[in-house]
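1. what would the 3D arrangement of this be:
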Amino acid sequence: MKILITGGLGFIGINAAKYFSTENEVHIVDNVSRKGNMENYETISNNKNITLHVKDIRNFFDIENVFKKIQPDVVLHLAGQVAVTFSVTNPREDFEINSLGTFNILESIRLHSPNTTLLFASTNKVYGNYQSDLIEEEKRYSYMFDGGVSEETPLDFHSPYGCSKGSADQYVRDYSRIYGLKTVVLRQSCIYGQNQFGIEDQGWVAWFTIASTFGKKFFIYGDGKQVRDVLHIDDLINLYETIINNIDKCKGQIFNVGGGENNTLSLLELLNTLGKQNVLNYQYSDWRPGDQKIYVSDITKLKNTIGWTPKIGVEEGLEKLQSWVSVNKDIFVKLNLI
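-> Residues are numbered from 1 along each chain as shown. You can find the predicted model right below:
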């Protein structure tokens with residue numbers, strides 16, 4: 001099977017490439033623009049089952065040619081601009097990457113590879129600043145209802161990032177309805193794990209772990225009681241494989257993806273865990289545009305459709321992440337992250 005991964009040198013992409021290349025031909029499309037991309041590439045540069053194509057998804061001609069040549073069986077569309085804060089200051093670039101880039105992928109599939117399965121990494125931000133029915137507790141916010149946010153929740157694009165990902169989300173869905181493409185929209189919550197070079201604006205679990213491990217000062221925006229459901233990268237890759245193997249059940253569908261209500265974490269709870277092993281250096285600052293007090297995915301639809309549930313709990317996942325961070329100090333120094 002030929003699998004094409006856009007954004008394949010990023011956090012999720014490199015983990016997917018390593019996993020799927022054991023039994024498949026993997027093609028990575030990446031413009032190599034983010035910190036950590038080349039460091040990730042070095043971990044797979046000798047893998048004969050992986051080919052890197054240095055291309056930008058904003059360039060339709062380049063992307064179209066890749067699809068003409070490869071004719072992939074599966075596309076994991078993971079490339080994107082990922083920070084809400086960046087979208088606020090650079091809305092045009094955010095739109096061109098997330099909306100136009102996704103459109104270019106869809107058109108390439110429609111015109112040249114219509115039997116391809118496409119999994120699109122959307123975001124929980126399409127639900128906006130969903131704040132209804134909250135309870136404020138000592139160290140976290142919680143919902144007044146069970147189960148979290150379902151796929152039936154109305155869309156509310158609360159930032160330029162939400163708009164760009166939301167439009168892509170709807171295009172991917174509609175290309176299944178109108179053109180019969182085998183597309184699946186995955187509205188992903190917070191994913192964390194190895195090979196995640198988290199920064200202040202993106203990848204908060206990894207960022208706080210990196211900063212606390214090496215004594216770097218960091219900021220908590222808001223009150224620290226913000227809650228997300230978190231999903232370890234190994235569980236996410238398992239989900240991708242399960243969907244690919246059950247595409248007839250999943251095509252044309254939208255799924256919320258995350259750790260669900262059994263795997264949630266607040267900033268203060270994370271700091272409590274990290275503070276057991278490290279001296280923390282942080283200060284509070286104001287809330288930022290687009291910040292959500294709480295988001296927890298209802299993953300019932302996934303369980304009912306393909307039987308998938310997360311296997312790695314928060315405690316085990318954090319231990320895995322801390323271990324990876326601790327043994328890779330040289331990389332963080334090289335990237336000037338610490």
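
2. which residues of the stretch 101-250 of the chain score low on pLDDT?
-> Filtered on pLDDT under 70, the stretch 101-250 of the chain yields the residue ranges 131-132.

3. residue ranges of the helices in it, please?
-> Under the criterion DSSP state H, counting those that start in this stretch, the stretch 101-250 of the chain contains helices at 101-112, 160-179, 204-213, 233-245, 247-250.

4. give me whichever of those is most buried.
-> Highest mean neighbour count among the helices of the stretch 101-250 of the chain (mean count of other CB atoms under 10 Å): helix 204-213, with a mean of 22. All C-beta atoms are positioned from the backbone trio N, CA, C, and that covers glycine.

5. can you tell me which of the helices of the stretch 101-250 of the chain is nearest to K301?
-> Minimum separation from K301 across the helices of the stretch 101-250 of the chain (CB to CB) falls at helix 247-250, 10.2 Å.

6. and the next helix or strand after the closest one, how far from the chain's centre?
-> Next in sequence after helix 247-250, counting helices and strands by DSSP states H and E, comes strand 254-257. Chain-centre distance of strand 254-257: 12 Å, with CA atoms, centre = their mean, to the nearest Å.

7. give me the residues contacting the following helix or strand past strand 254-257.
-> Of the helices and strands lying after strand 254-257 in sequence (DSSP H and E), the nearest is strand 264-266. Residues outside strand 264-266 that contact it (CB atoms under 8 Å, 6 or more residues apart in numbering): 139-141, 205, 224-230, 296, 314.

8. narrow those to those that are buried.
-> Buried subset of these (neighbour count, 16 or more other CB atoms under 10 Å): 140-141, 205, 224-230, 296, 314.

9. what is the neighbour count of the nearest residue to Y161 once chain neighbours are set aside?
-> Nearest in space to Y161, with sequence neighbours left out and distances taken as CB to CB, 6 or more residues apart in numbering, is S87 at 3.6 Å. Counted with other CB atoms under 10 Å, the neighbours of S87 add up to 26.

10. what is the helix or strand hosting F67 packed up against?
-> In the assignment (DSSP H and E), F67 maps to helix 60-70. In terms of contacts (3 or more CB pairs under 8 Å, 6 or more residues apart in numbering; DSSP states H and E), helix 60-70 is packed against strand 2-6, strand 25-30, helix 101-112.
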